[in-house]
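A.B. asks: Test case, fold it:
(2 chains)
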Amino acid sequence: MNKKTDVIVIGGGHNGLTTACLLARAGKQVTLVEKRESLGGLAAAIEFETGFHSAGLWHDVGNVSPTTMKALELEQFVTDEVPPVHALGEGVLATITGPADRAAFELAQHVAADGRNYARYRNFMGRIRPVMERFLTHRPLNVLAIEDEAPLEVLKSAFGLRMLGGEDMIELLRVAPMPVVDFLDEYFESDFIKGALSMSAVLGTFTAPRSPGTTLHLLFQEALAGKHFKGGATALTAELAQRAADLGVEILTGATVKSILLSKKQVRGVELADGTEILADAVSASCNPKTVLLDLLPIGALSYTTERRVSNFRCRGTVAQMLFAVDGAVTFSEGTAEHELQRVRIAPTANHVESAFDAIKYNELSRDPVLDIAVPTLEQPSLAPAGKSVVSVLVGYVPYQLDGGWTDTARTHLTEKVIATIGRHVKDFDKRLIATKLSTPADIETEYGLPGGSLYHGEPGIDQLIVRPVPECFDHRTPIVGLSLCGSGTHPGGSVSCMAGSLATRAVLHPRKPVTEAAA
Amino acid sequence: MMKFKTKPEHSRYDAIVVGGGHNGLTCAAYLAMAGKSVLVLEKRPVIGGAAVSEEIFPGFTYTVCSYVVSLFRPHIMRDLELPRHGLEIIPLEASFSPLPDGNSLCRWGDPNRTRREIARFSARDAETYPQFSMAMSQLARFTKSIIDNPAPNPASLSPGELVQAFRTSEGLRHANADQRYLYLKLLTMSAADFLDEWFESDVLKAPMSVSGIIGTFLGVRSPGTAYVLLHHYMGEIDGAMRAWGFARGGTGGISEAIARSAQSSGAEIVTEAGVANVIIKNGIATGVALANGDEISADTVVSGLDPRRTYLGLIGEENLDDEVIGQIGHYKYRGSSGKVNLAVDRLPEFACRPGDGPHLYGDVAIAPSVRYLEKAYDQAKYGDFSERPYINMVVPTLVDPTMAPPGKHIISCFVQYAPYDIKEGAPNWPERSEAFGDAVVDTLAEYIPNLKETILHRQVLTPWDLEQDYGLTEGNIFHGELSLEQLLYLRPAAGWAKYKTPVRGLWMCSSGTHPGGGIMGASGEMAAKAILRRQAA
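C.D. replies: This is a model prediction of the structure:
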């Protein structure tokens, strides 16, 4: 059975859905094809135990662009009320996100200077915000062929940087390449604050606080913080799916794309696993670029150099997710007080984060993993039966391949370690557990089709942010006419912001010549 | 060994250079050549700073700290006529990597020999190696304009700065898109990841990646270490790219040649004359005060010391505003290396490649795998030296037999990692010094079985010793880390990266300025030229 449509969007995660919606809004007939039974990609709620649902893999809903939200008529869901993230130390608790006044007050209770330091920190983040925002919301600059760029674009970017003022510009250029631990040392005194903040920079990457360049990643996360989508990432993708249906996007779930059909170097459509062919002149794929370009395209469609560059696109996943179904509410202890918190990080010092990373370089389990914890039932009680809770833990760091193999013993060992760590801060945690589910990076790869288990669809190393994923796929295009990329493996990268999906529509609506490949 | 007076002839000079390291001496030579009366004041009884040779054990001259040269700027060699003044650099023949399983890899100047060696481990890598070297050499050419020019200030909109930026970026503008992509990766990736894209054999990747971490507090898997690979492809000796060499007489021989050149132009060099501080009147440097109380005047004072010693020592916090003090406070040192020098009674013999052979006439890297190197780094991160460290070993006496009695030899070992911040603080180092020396000797003995019985004398230099005796703050061999946040226009601080300091008349010419450490002479030369330009204006 063959169908014909204007555009096929592969993948129904937040980026694929965004692209599909915006294209439909621009008048295109869109068919969205999703491999799994439900939409949402990494943000989909998974029933991991009868009655208990996760809120997806992401704990924060990133920095959704106001323009995109407006274009999709979802701005009413965007709020300033961001669930604050807390750093949990030994008997101490502090907020490390949110506006200066509230967090600063709490921090000052522990280390007076850190209250002031937090204000200074937020102040700096606020001042450099325009530059970070520009990078994340505009189409990428072709740094490798800067002479080909419209001079106005280059000047605007340079000017944007210069508009920070000479001092802040130099300061931004100075700190961006630093290891995040050095940057945080210049601002804060408390170890557990620095440990927790450093996780923003490194969780899910193949870097640790002492790695150069991690400050830049922190700046991206922090400079744009301040907005939340009500209900989190699951709500975002649910609304996007609804909007897509409203706009007339044809949505096929449980439909795996087996290959992209080409005629010469031009897209003809896709073939599904069940043999169905869907024909279209444009295909926009939100899966990992490696999947699209190396698995779905026929052999020989791309030059050897392009293929080699794509296979060198680093996608080493380093977090595992642990889901817990818990009886009763989950409260975190601070001295004698108990708090019901939605977002918590346990990382006693930046050195803890660093040494947790050390282990995975040798394919070993971290002795003392650091944890990023979410209790999504606080925002969405329907994720669990009444009176019960769901806890989601992103465990840093966990190797893709384990020396000795991911045996049941190894899985149990890691699970018990995490339970024990949480148990130090949550009373009777182990006694109230109803079910647990562990997804290692290899599990995440299998469950979601994510090479390497990398949540970002490719590590956010600086080279892989400036050119994402490879020069031949600059600006969401590919060397194949009609084929574009719209997932997190393209500019401006991962985390749940919908920016990649939004920027990618240009490649469909205003197609330009595809990138010339190297001769070989 | 050159001898110098310990008291200056005069009480007034055009320029005083504080510190007789190779950059200070280079600066002095250029100023003297331009007709200035120049006095170099060196605290120690020998000149050279960390490019120094000393008879630590009777009959044996150690190249105490640094031990090879490569990036010394060829135009400086010509300008100062260094060969005429005794400089002789003999290229390294080989890069030898012994392995614990009895195998070994040696890379030679001769590409065919190298290919045959690599092919024993990986045929594919043997084919790729020359392509890699070619690609790196091309990128190295683009980088030269960055090293040989002062660093432009990106925030400045002045025409002069923009011209400077244009000149400095000349290399990159000539690169094509593929080369720029490679350059981007080189600047941002880890040495290990970068090499993984080219090579498969760990035995090859390990010694190659290690050049990325020399003098840094990073591991071969840390982002930003691939870039230093390029530094080492930039080496020029007599115009031949990518050549490392021994200086006859050790690296002290380089310093002495520069000193002779400076003297031949009329510069005066005085040793055992430490400087306590710069004399500042109304914000202007008017001379220096020696440790013994004597005062000497000058129109220009140039510091060859590192930024901390210059700003907090020579200038003093009371003469600096808070912003500058903060900036200098951010500049990081964190030494990570030590040195072990051995006097031995016979040529060292490797079990995996016995006997005297050309593989010894180069540098030997104890770097059997990337895992080994990374583990060495991990250990140092938390406050201890690596039990099984990376060692770069050379036998200088094979090239210059006069450095030891006949038949006897010197083994010079550069060792990483040895963090300055050892457990419970740096003053703990003297107690750990012997254990550190033992770790080095034990590691070497795994490859040279009879080593211990051949040792006549052992000198161990920890970061603490390097700081106490050689003026290297926190034992950092480059006068401060060579990380992006303190390079170019940020070295040593934004606004003070063109060899000037906040004190008028006081300049800096050390490795704590652009282009940074290594025995290059570039800082000394560019500081002198900046001074002369200022005075001509």
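
A.B. asks: now the strands for the stretch 351-500 of chain A?
C.D. replies: A:370-374, A:388-396, A:433-439, A:483-485 (DSSP state E, counting those that start in this stretch).

A.B. asks: Now do the helices in the stretch 51-200 of chain A.
C.D. replies: Remark: helices assigned in the stretch 51-200 of chain A by DSSP state H, counting those that start in this stretch are A:66-71, A:100-110, A:112-137, A:151-162, A:166-175, A:180-187, A:191-202.

A.B. asks: Which single residue of the stretch 401-537 of chain B ends up nearest chain A?
C.D. replies: Going by Cβ to the nearest Cβ, chain A is nearest to B:Leu484 of the stretch 401-537 of chain B, at 3.8 Å. Backbone N, C-alpha and C define where each C-beta goes, glycine included.

A.B. asks: and the gap between that residue and B:Ala28?
C.D. replies: Taking Cβ to Cβ, to the nearest Å as the measure, B:Leu484 falls 31 Å from B:Ala28.

A.B. asks: So for those two, which sits in the more crowded spot?
C.D. replies: With neighbours defined as other Cβ atoms under 10 Å in any protein chain shown, B:Leu484 and B:Ala28 compare such that B:Ala28 has more, 33 against 19.

A.B. asks: Low-confidence ranges, chain B, go.
C.D. replies: By pLDDT under 70, the low-scoring segments of chain B are B:157, B:231-232, B:235-243, B:426, B:537.

A.B. asks: Contact residues of it facing chain A?
C.D. replies: Neighbours of chain A within chain B, by Cβ under 8 Å from any Cβ of the partner chain: B:153-157, B:177-178, B:180-181, B:184-185, B:187-189, B:193, B:197, B:218, B:221-224, B:330, B:332, B:371, B:374-375, B:378, B:381-382, B:483-485, B:489-490, B:494.

A.B. asks: Take those and keep only those in helices.
C.D. replies: Within the residues of chain B next to chain A, residues falling in helices by DSSP state H are B:177-178, B:180-181, B:184-185, B:187-188, B:193, B:330, B:371, B:374-375, B:378, B:381.

A.B. asks: now, among the residues you listed, which is nearest to A:Val270?
C.D. replies: Taking Cβ to Cβ as the measure, A:Val270 lies nearest B:Tyr181 of these, at 30.1 Å.

A.B. asks: thought the closest one was touching A:Pro471?
C.D. replies: Yes. The pair B:Tyr181 / A:Pro471 is scored as a contact, 5.4 Å apart, by Cβ atoms under 8 Å.

A.B. asks: Going through the ones in helices among the residues of chain B next to chain A, which ones are buried?
C.D. replies: B:177, B:180-181, B:184-185, B:187-188, B:193, B:330, B:374-375, B:378, B:381 (16 or more other Cβ atoms under 10 Å in any protein chain shown).

A.B. asks: In contact with the residue in the stretch 251-400 of chain B that chain A sits nearest to, which residues are there?
C.D. replies: In the stretch 251-400 of chain B, the residue that lies nearest chain A is B:Asp378 (4.9 Å; Cβ to the nearest Cβ). Counting by Cβ atoms under 8 Å, 6 or more residues apart in numbering or on different chains, B:Asp378 touches A:Ser355, A:Asp358, A:Lys361, B:Gly219.

A.B. asks: so how far is stretch A:86-98 off the chain centroid?
C.D. replies: Here stretch A:86-98 is found 23 Å from its chain centre; the criterion is Cα atoms, centre = their mean, to the nearest Å.

A.B. asks: So which bits of it are buried?
C.D. replies: A:His86, A:Ala87, A:Leu88, A:Gly89, A:Val92, A:Leu93, A:Ala94, A:Thr95, A:Ile96, A:Thr97, A:Gly98.

A.B. asks: what sits up against that stretch?
C.D. replies: Taking Cβ under 8 Å, 6+ apart as the rule, stretch A:86-98 contacts A:82, A:84-85, A:102-103, A:106-107, A:109-110, A:118, A:190-193, A:195-197, A:225, A:332-335, A:339, A:341, A:343-348, A:425.

A.B. asks: so which of those also contact chain B?
C.D. replies: Within these, nothing lies near chain B by Cβ under 8 Å from any Cβ.

A.B. asks: for chain B, what are the nearby residues on the stretch 151-300 of chain A?
C.D. replies: A:162, A:166-167, A:169-171, A:173-175, A:177-178, A:182, A:186, A:207, A:210-213.

A.B. asks: Would you show me how to pick out the buried ones of the residues you listed in ChimeraX?
C.D. replies: In ChimeraX, this line selects whichever of these come out buried by 16+ other Cβ under 10 Å:
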select /A:162,169,170,171,173,174,175,177,178,182,207,210,211,212,213
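
A.B. asks: in terms of contact, does B:Ile531 touch B:Trp507 like I think?
C.D. replies: Yes. Under the criterion of Cβ under 8 Å, B:Ile531 makes contact with B:Trp507 at 5.8 Å.

A.B. asks: what touches both of those two?
C.D. replies: By Cβ under 8 Å, 6+ apart, the residues touching both B:Ile531 and B:Trp507 are B:Thr300, B:Val302, B:Tyr499.

A.B. asks: What's opposite the second one in the beta bridge?
C.D. replies: Taking DSSP bridges as the rule, B:Val302 bridges to B:Val17, B:Trp507.

A.B. asks: Mind giving me the packing neighbours of whatever helix or strand B:Ile90 lives in?
C.D. replies: Using DSSP states H and E, B:Ile90 sits in strand B:89-91. Helices and strands touching strand B:89-91, by 3 or more Cβ pairs under 8 Å, 6 or more residues apart in numbering or on different chains; DSSP states H and E, are strand B:245-247.

A.B. asks: roughly how far is whichever helix or strand comes after the strand it packs on from the heart of the chain?
C.D. replies: With elements assigned by DSSP H and E, the helix or strand that comes after strand B:245-247 is helix B:251-264. Relative to its chain's centre, helix B:251-264 lies at 17 Å (Cα atoms, centre = their mean).

A.B. asks: same thing with stretch A:91-108?
C.D. replies: Put simply, stretch A:91-108 sits 25 Å off its chain's centre (Cα atoms, centre = their mean).

A.B. asks: same check, this time on stretch B:293-313
C.D. replies: Stretch B:293-313 sits 22 Å away from the centroid of its parent chain (Cα atoms, centre = their mean).

A.B. asks: Between the two ends of that stretch, what distance do you get?
C.D. replies: Start-to-end span of stretch B:293-313 (Cα to Cα, to the nearest Å) is 16 Å.

A.B. asks: Mind listing what's buried along it?
C.D. replies: B:296, B:298-311, B:313.

A.B. asks: Let me know the closest of the residues you listed to A:Phe77.
C.D. replies: Using Cβ to Cβ, B:Pro307 comes nearest to A:Phe77 of these, at 51.8 Å.

A.B. asks: hang on, the closest one packs against B:Gly516?
C.D. replies: No. Counting by Cβ under 8 Å, B:Pro307 stays clear of B:Gly516, with 11.6 Å between them.

A.B. asks: are any of the contacts of stretch A:86-98 buried, and which?
C.D. replies: A:82, A:84-85, A:103, A:106-107, A:110, A:118, A:190-193, A:195-197, A:225, A:332, A:334, A:341, A:343-348, A:425.

A.B. asks: mind checking how far A:Leu378 is from chain B?
C.D. replies: As defined by Cβ to the nearest Cβ, to the nearest Å, A:Leu378 lies at a distance of 36 Å from chain B.

A.B. asks: Find the nearest non-adjacent residue to B:Ser11, please.
C.D. replies: Sequence neighbours aside, B:Ile296 is the residue nearest to B:Ser11 in space, at 5.7 Å (criterion: Cβ to Cβ, 6 or more residues apart in numbering or on different chains).

A.B. asks: rewinding a little: which one of the strands of the stretch 351-500 of chain A is the most hemmed in?
C.D. replies: With neighbours taken as mean count of other Cβ atoms under 10 Å in any protein chain shown, the strands of the stretch 351-500 of chain A reach their highest mean count in strand A:483-485, at a mean of 28.

A.B. asks: and that one, how far from the chain's centre?
C.D. replies: 20 Å.

A.B. asks: Return the list of helices and strands in contact with that strand.
C.D. replies: Judged by 3+ Cβ pairs under 8 Å, 6+ apart, strand A:483-485 is in contact with strand A:282-285, helix A:499-509.
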